[in-house]
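A.B. asks: need a 3D model of the following:
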Amino acid sequence: TFVVGPEQQKVFAHRCVLACRCQAFRGMLAQVPVGNQDSSGSVPPQGPFILGDVQPEVFLAVIEFLYTNSVTLNSHIALEVLTSSVEYGLQDLCKLCVKFIKDTLSVEQVCEALQVRVIPVVSKRVKNNH
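C.D. replies: Numbers count the residues shown, from 1 in each chain. Alright, predicted model coming up:
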């Protein structure tokens, strides 16, 4: 069980699927619980694992990829799924995200992305110079 995003949405997945498909999840799911010094007979933690800084839709896309080796993307989550794919070391998902972004990128989207990124930086500089 994962508790995802500020909404604390529960997402369920099979430990064996995640561990087989992703080194990062393998490490997360194999950790010995805190305070349990006897690792010989310990059972890995069952969760829930808290992922408060990930949007549920993005995490669900990662889970979809791990189960199906494909992913359903849209322009709202593609960059964040790409970021997650890099974080989790999922090169094939990364390639799918890059292909989607290249295939759907428009001048308007680039301008919007630049405005979103540049305006806070410019505002901060203006405030600091006054």
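A.B. asks: can you say which helix or strand has the residue nearest the centre of the chain in it?
C.D. replies: When Cα atoms, centre = their mean is applied to the chain, the residue found nearest the centroid is S84 (3.3 Å). In this assignment (DSSP states H and E), S84 forms part of helix 78-87.
A.B. asks: name the next helix or strand downstream of that helix, please.
C.D. replies: Beyond helix 78-87 in the direction of the C-terminus, DSSP H and E gives the next helix or strand as helix 91-104.
A.B. asks: return the distance of that following helix from the chain's centre.
C.D. replies: The gap between the average C-alpha position of helix 91-104 and the chain average comes to 15 Å, counting by Cα atoms, centre = their mean, to the nearest Å.
A.B. asks: any buried residues in it, and which?
C.D. replies: By 16 or more other Cβ atoms under 10 Å, the buried positions in helix 91-104 come out as 93-94, 96-97, 100-101. C-beta here means a position set from N, CA and C on the backbone, and glycine is covered the same way.
A.B. asks: can you list these in CSV and add pLDDT and distance to F65?
C.D. replies: Conversion of the buried residues of helix 91-104 to CSV gives the following (pLDDT from 0 to 100; distance: Cβ to Cβ, whole Å):
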residue, pLDDT, distance to F65
L93, 96, 5
C94, 93, 10
L96, 95, 7
C97, 92, 10
F100, 92, 12
I101, 87, 15
